[in-house]
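Asker: this one's structure only:
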Ligand code: ATP
Ligand code: MG
């Protein structure tokens, strides 16, 4: 196939037969967010490059090598958003949403990272993101985690594990950094090239490495959990106690540091064993310093994001994804009089049975070929109108799925009610 006809590498088409599962996830998320009083925020896909450099951090994978950055015609450097938090903080500051106010918001949409494409890792992917700004926690930390747990329950997802850690304050982290650095320098010869490069700028990121060869060195490293400042330790203890009280299982994982610079205190990640090495499906953390760092007031905040591709894949693997909308009814219109009556009839049925999904045969065709289309559409019923039926204002209703039943005749008048009843009987 010619290259221009292929999607950009790492960017997926989501086809009609796949979208039902996406809608199922997004609907569940919207409903859960509403239950907790979170409101939607919609933002541009493009932001100034500077925003991501200053928030995510210069020495992170994202900023170092994953951003889609370009100059526009006005010579401004812009970047396709690689994540949502920076844009949300920017929007809250520039719209004055944090002046004597707090915000609980969510956002969903595409994110862009120039990564090596593989299963579960794409260059355009989709996140559902939630942020609570203006809350020091740990109560809101608990709330945000309970939202994720509720969402998994709603979807019926199984086998997810919550990893939890605290990174302390930036000052405590700086002290820990010195100790970690001393340890890593001792083991420099066991590090890979990426990690050696990180020794100078961002050694904590080495703990986040996915290279299995580093597992042993990382396991022996001093633990950040042992170096927390007293307030962060108390914050973390309360968080853990409240999660336990709420019945949420978790694992304290001292190696969990997350890849972005702006985190402080609480960080967490939901992982699965079902997706191979792309095991993180949802991750988040507290970023108490970010709003001030970007020029806003000093406002504590916390948020999380889930990867829609990975959750949808998990739903599919666990048999939870609804398959994409076959119609309930296919309307066969065989003959000129039937076609003429068909449009009015179809609209009448839609008025009378608004929950019914009905595909009307378009483009003519013989009775036989229309019935074939009806069958291929996946519809449960064919409603058949020929010229003779049109004259008598009746249609034949034929079951296409399940046990074979006799075809029966229903008047145009009664069709909407009858079909509505069939549909309810079938889903009850
Ligand atoms: P990973 O460790 O897998 O690289 P991450 O720490 O970079 O993930 P975050 O930036 O926290 O991920 O993004 C939140 C979620 O978005 C992840 O838990 C994951 O489910 C999803 N995600 C991140 N990057 C990608 C990608 N390139 N393709 C698909 N999903 C992604
Ligand atoms: Mg990543």
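Answerer: Perfect, I can see it now. Here the structure is a predicted model, which is why all the values come from computation and not from measurement. Numbering: from 1, shown residues only. Ligands and ions are numbered 1, 2, ... in the order given.

Asker: Show me which residues of the stretch 51-200 of the chain sit near ligand 1.
Answerer: Applying CB under 6 Å from any ligand atom, one finds that the stretch 51-200 of the chain approaches ligand 1 through 83, 113, 115, 120-122, 125, 127. From N, CA and C alone the C-beta is placed, and that goes for glycine too.

Asker: Now do the SS call for residue 161.
Answerer: strand (DSSP: H, G, I helix; E, B strand; the rest coil).

Asker: go on, residue 302?
Answerer: Residue 302 ends up strand, using three-state DSSP.

Asker: burial count for the residue of the stretch 301-428 of the chain found nearest ligand 1?
Answerer: Residue nearest to ligand 1 within the stretch 301-428 of the chain: residue 307 (2.4 Å; CB to the nearest ligand atom). Close neighbours of residue 307, defined as other CB atoms under 10 Å, add up to 23.

Asker: how about residue 299, what does it touch?
Answerer: 98, 133-134, 291-292 (CB atoms under 8 Å, 6 or more residues apart in numbering).

Asker: Among those residues, which ones are in strands?
Answerer: residue 133 (DSSP state E).

Asker: Select only the buried ones of the contacts of residue 299 in PyMOL?
Answerer: In PyMOL syntax, the buried subset of the contacts of residue 299 is picked out as below (16 or more other CB atoms under 10 Å):
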select buried, resi 98+133+134+291
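
Asker: Dihedrals phi and psi, the residue of the stretch 301-428 of the chain closest to ligand 1?
Answerer: Main-chain dihedrals, residue 307, degrees, to the nearest 10: phi -90, psi 120.

Asker: Also residue 182?
Answerer: According to degrees, to the nearest 10, residue 182 has phi -60, psi -40.

Asker: Could you check how many residues crowd around residue 172?
Answerer: 21.

Asker: any idea how far it lies from residue 264?
Answerer: 9 Å (CB to CB, to the nearest Å).

Asker: what's the answer for residue 57, then?
Answerer: 13 Å.

Asker: Tell me which of these two has more neighbours.
Answerer: Neighbours per residue, other CB under 10 Å: of residue 57 and residue 264, the larger number sits with residue 264, 24 against 20.

Asker: Can you say which helix or strand has the more buried one in it?
Answerer: Secondary structure from DSSP states H and E places residue 264 outside every helix and strand.

Asker: Not counting its neighbours along the chain, what's nearest it?
Answerer: Sequence neighbours aside, residue 288 is the residue nearest to residue 264 in space, at 4.8 Å (criterion: CB to CB, 6 or more residues apart in numbering).

Asker: so where's the stretch 201-350 of the chain shaky on pLDDT?
Answerer: 259-260, 324 (pLDDT under 70).

Asker: for it, what spans make up the helices?
Answerer: Using DSSP state H, counting those that start in this stretch, the helices found in the stretch 201-350 of the chain span residues 215-220, 230-245, 290-293, 308-317, 336-352.

Asker: most packed of those helices?
Answerer: helix 308-317 (a mean of 21; mean count of other CB atoms under 10 Å).

Asker: so what secondary structure elements neighbour it?
Answerer: Counting contacts by 3 or more CB pairs under 8 Å, 6 or more residues apart in numbering; DSSP states H and E, helix 308-317 is packed against helix 19-35, strand 124-133, strand 280-286.

Asker: Contacts made by that helix with the rest, please.
Answerer: Here helix 308-317 has contacts from 12, 18, 21-22, 24-26, 108, 120, 122, 125-128, 155, 157, 272, 274-275, 278, 280-282, 321, using CB under 8 Å, 6+ apart.

Asker: how far does it sit from the chain's center?
Answerer: Offset of helix 308-317 from its chain centre (CA atoms, centre = their mean, to the nearest Å): 9 Å.

Asker: swap in stretch 298-312?
Answerer: Distance, centroid of stretch 298-312 to centroid of chain: 9 Å (CA atoms, centre = their mean).

Asker: Could you tell me the end-to-end distance of it?
Answerer: 37 Å (CA to CA, to the nearest Å).

Asker: How about stretch 40-48?
Answerer: Stretch 40-48: ends 22 Å apart by CA to CA.

Asker: That one: which residues count as buried?
Answerer: 41, 46-47.

Asker: Let me have these in a markdown table, extended by pLDDT and distance to ligand 1.
Answerer: Formatted as a markdown table, the buried residues of stretch 40-48 follow (pLDDT from 0 to 100; distance: CB to the nearest ligand atom, whole Å):
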| residue | pLDDT | distance to ligand 1 |
| --- | --- | --- |
| 41 | 98 | 17 |
| 46 | 98 | 18 |
| 47 | 98 | 16 |
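
Asker: what does the stretch 201-350 of the chain put close to ligand 1?
Answerer: So the stretch 201-350 of the chain meets ligand 1 at 259, 278, 280-283, 305-307, 309-310 (CB under 6 Å from any ligand atom).

Asker: Relative to residue 66, which of these is nearest.
Answerer: residue 259 (10.1 Å; CB to CB).

Asker: Residues contacting stretch 238-250, please?
Answerer: 137-139, 141-142, 145-146, 149, 161-164, 166, 252, 266, 268.
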